[in-house]
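Undergrad: Need the 3D shape of this:
(4 chains)
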Number of protein chains: 2
Amino acid sequence: MEKAIEILKKNNYKVTKQRTDLLDYLGKFTVQYVSINQITNYMHTIYPGMSNNTIYRNLKEFANIGLVEYQEKDKTLVKYQCDFKNKHHHHFVCTNCGKVTELKACPIEFFTDQLPGYTVEGHAIEVYGLCADCTKKLKTAKS
Amino acid sequence: MEKAIEILKKNNYKVTKQRTDLLDYLGKFTVQYVSINQITNYMHTIYPGMSNNTIYRNLKEFANIGLVEYQEKDKTLVKYQCDFKNKHHHHFVCTNCGKVTELKACPIEFFTDQLPGYTVEGHAIEVYGLCADCTKKLKTAKS
DNA sequence: AAACTAATACGTAATAATTACTAATTAATG
DNA sequence: CATTAATTAGTAATTATTACGTATTAGTTT
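TA: I've put the predicted structure just below:
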């Protein structure tokens, strides 16, 4: 979590105990998402009166500086950054076990190529299905 | 709207006046999204006591049979199907004027190729930026 | 190390957005 | 036109998010 603290400081955010505890918790979720609701429940065990505002604001700020990623399909789910060296990437989400796999290649040219004169500023991509493990399990279950 | 009614029937959905009126209204939105909230307001002018349930359920059903498309980024926005001949496609959304442009090519192989052993069931893609018109306008505005 | 200050958090409430559920209504079928 | 299964109304509950004034605190300065 040292890296997260550094990034906070680098972006002129204060390092509060609420933030470090939130980041500590989020750090457990790098290959799966966790619901904001569950985060709130957990944080309330440490800070019983913690404001929703504080949680929502911090998650947004963390996302802005690349510490946290929201799930595209369901914005009530977030996870800790899984690749600090390549913050721009997309995810495969297993619909069975929830495991998240980072996608390396990003084919944005595919789209920019068919949009002459347009200014492409951003894009969202997310792929769903069964991870390799779940594919195996479900195949053998059928046979 | 004849086509929409046909598709409803083909999928064993009853053709109610609420549905036809809803589809009539949605039909105005093929190149831009409309908020569910605005839809509700409009429908209430025709059916003052119309239930939220009815609107949400119908929108979901319409989406399932390809009559309606949700915006990926903001699920409170929907639009009428813009391409019945190629229902699987993605959208570019102009962040300035809201205009939606259909993307033709879909590079899903890019992702399946890097996911050996996985079962890819679906994906969501959406591209954002300025459409050609808004790009021009904003360029000339600067110069 | 005390004081300062801008950022952050609290506490409470309001607002959206969505879903739930039962009774009443109605489209489609024969 | 009678039947029935699907659909809708009406009402309320739940979930998710935002708002805002006050209090607290991290980081800085004196």
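Undergrad: Residues of chain A that sit close to chain B?
TA: A:72-73, A:90, A:92, A:95, A:101, A:103-105, A:107-108, A:110-111, A:113-132, A:134-136 (Cβ under 8 Å from any Cβ of the partner chain). C-beta coordinates here come from the backbone N, C-alpha and C atoms, glycine included.
Undergrad: Tell me the buried residues within these.
TA: A:72-73, A:90, A:92, A:101, A:103, A:107, A:110-111, A:115, A:118-120, A:123, A:125-131, A:134-135 (16 or more other Cβ atoms under 10 Å in any protein chain shown).
Undergrad: Please flag which of these sit within strands.
TA: A:90, A:92, A:101, A:103, A:119-120, A:123, A:125-130 (DSSP state E).
Undergrad: Output the set of residues of chain A in proximity to DNA strand C.
TA: Counting by Cβ under 7 Å from any atom of the strand, the residues of chain A close to DNA strand C are A:12-14, A:16, A:18-19, A:47-54, A:57-58.
Undergrad: Out of the residues you listed, who's the most crowded?
TA: A:Asn58 (21 neighbours; other Cβ atoms under 10 Å in any protein chain shown).
Undergrad: With DNA strand D as the reference, measure out to that one.
TA: A:Asn58 sits 11 Å away from DNA strand D, taking Cβ to the nearest atom of the strand, to the nearest Å as the criterion.
Undergrad: Now the helix or strand hosting that residue - C-alpha only, PDB.
TA: If you go by DSSP states H and E, A:Asn58 is part of helix A:52-64. Only the C-alpha atoms of helix A:52-64 are listed here, as PDB (Å, rounded to 0.1, in the frame of the first residue of the first chain):
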ATOM      1  CA  ASN A  52     -21.600   7.900   2.700                       C
ATOM      2  CA  ASN A  53     -20.200  11.100   1.300                       C
ATOM      3  CA  THR A  54     -16.700  10.200   2.400                       C
ATOM      4  CA  ILE A  55     -16.800   6.800   0.900                       C
ATOM      5  CA  TYR A  56     -18.300   7.900  -2.400                       C
ATOM      6  CA  ARG A  57     -16.100  10.900  -2.700                       C
ATOM      7  CA  ASN A  58     -12.900   8.900  -1.900                       C
ATOM      8  CA  LEU A  59     -13.800   6.100  -4.300                       C
ATOM      9  CA  LYS A  60     -14.300   8.700  -7.100                       C
ATOM     10  CA  GLU A  61     -11.000  10.500  -6.300                       C
ATOM     11  CA  PHE A  62      -9.200   7.200  -6.100                       C
ATOM     12  CA  ALA A  63     -10.600   6.300  -9.500                       C
ATOM     13  CA  ASN A  64      -9.500   9.600 -10.900                       C
END
